[in-house]
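> Okay, predicted coordinates and the sequence, questions at the end:
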Amino acid sequence: METYHYLCYLKYNSINMENTEKKYYKVAYKLYTIEDGERDLAEEAPAEEPFEFITGLGLAIDAFENKMATLAMGDKFDFVIPQKEAYGEYDENQVVELPKNVFFIEGKFDDVHVQEGAIIPLISVDGERFSAVVNEIKDEVVVVDLNHPLAGCDLNFVGEVVEARPATPEEIEAVTSPACHCKKGNEGCDCEKGECDCKGEDCGEDCECHKK
C-alpha cells in the first residue's frame, strides 16, 4: 500500500506549472505539531521510505518547498512552519453533515471505507476533488471535517535530504499526465495495464482504467 503523507493532503488546487526548473526530492523527516505549546509527533517518513515529490507541482505546501530549495543532498534540517503558512486556522464551519446515501455503493452504505477517523476522497457538484476526515457516523448522516488534519498547528520538520536533483521529463509527465478515461476496447488502449493514448476520447464508466 502506498504511504500516505499529510503533505499531500488537499493539494489539488495548488498546482504551479510555470516554466521553472522542477526538482525531485526524497526527504526523510519527523513531523511534529505544535499547538497551545504542546509538541507531538504526527508523522514520520524514514530514510527507508522517504517522502518523494517534485517541486512546483502542488505536491507539498509552498513553505515546505521553499525550505527545501535552500538545501542539498545530505543536508539536515530542523525548521518550523507557522500555521498561517501551512494549513491555516481550524474552522468550525468546515465540520458538516452529509446524507448517508452519498456513501452508498450499489444501494448499500460503504462501511468498509467510511469509518470514524478515516480520510475519504470527496467530489463536489462542480467536479472539485478534496478530502475529509470522518468524525461521526449517525443514523441518517455522516459528520465530516473538511479542515486539513493539521489545521490550527505550527509544523516542526526535523530530518535529512536523501536525494535532490533536477526532475526528468518522464518523472514530471508521470505526475501531471491525466489518467486514462477511454472506453474499454478503444484502439490504442490497454486497460489492463492502465496504458492509453486515446486522449480521453469516448470516455466511459465501463473503462477498467477508472478502477486503477
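Yep, that arrived.
> C-alpha only now, for contacts and for neighbours.
Noted.
> List the residues that contact Arg165.
23-25 (CA atoms under 8 Å, 6 or more residues apart in numbering).
> hmm, which of those residues are the buried ones?
Neighbour counting with 16 or more other CA atoms under 10 Å marks 23-25 as buried within these.
> Please produce JSON lines containing those, extended by secondary structure.
JSON lines is the format used below for the buried ones among the contacts of Arg165 (DSSP: H, G, I helix; E, B strand; the rest coil):
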{"residue": "Lys23", "secondary structure": "strand"}
{"residue": "Tyr24", "secondary structure": "strand"}
{"residue": "Tyr25", "secondary structure": "strand"}
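> isn't there a strand covering Ile172?
No. Counting by three-state DSSP, Ile172 falls outside a strand, being helix.
> burial of it, as a residue count?
Close neighbours of Ile172, defined as other CA atoms under 10 Å, add up to 17.
> That one reaches Thr55, doesn't it?
No. At 9.7 Å, Ile172 does not count as touching Thr55 under the criterion of CA atoms under 8 Å.
> On the three-state scheme, the residue nearest to Gly74 when sequence neighbours are not counted is what?
Counting by CA to CA, 6 or more residues apart in numbering, Gly74 lies nearest to Val161, which is 5.3 Å off, once chain neighbours are set aside. Secondary structure for Val161, judged by three-state DSSP, is strand.
> That's all I had, so thanks and see you.
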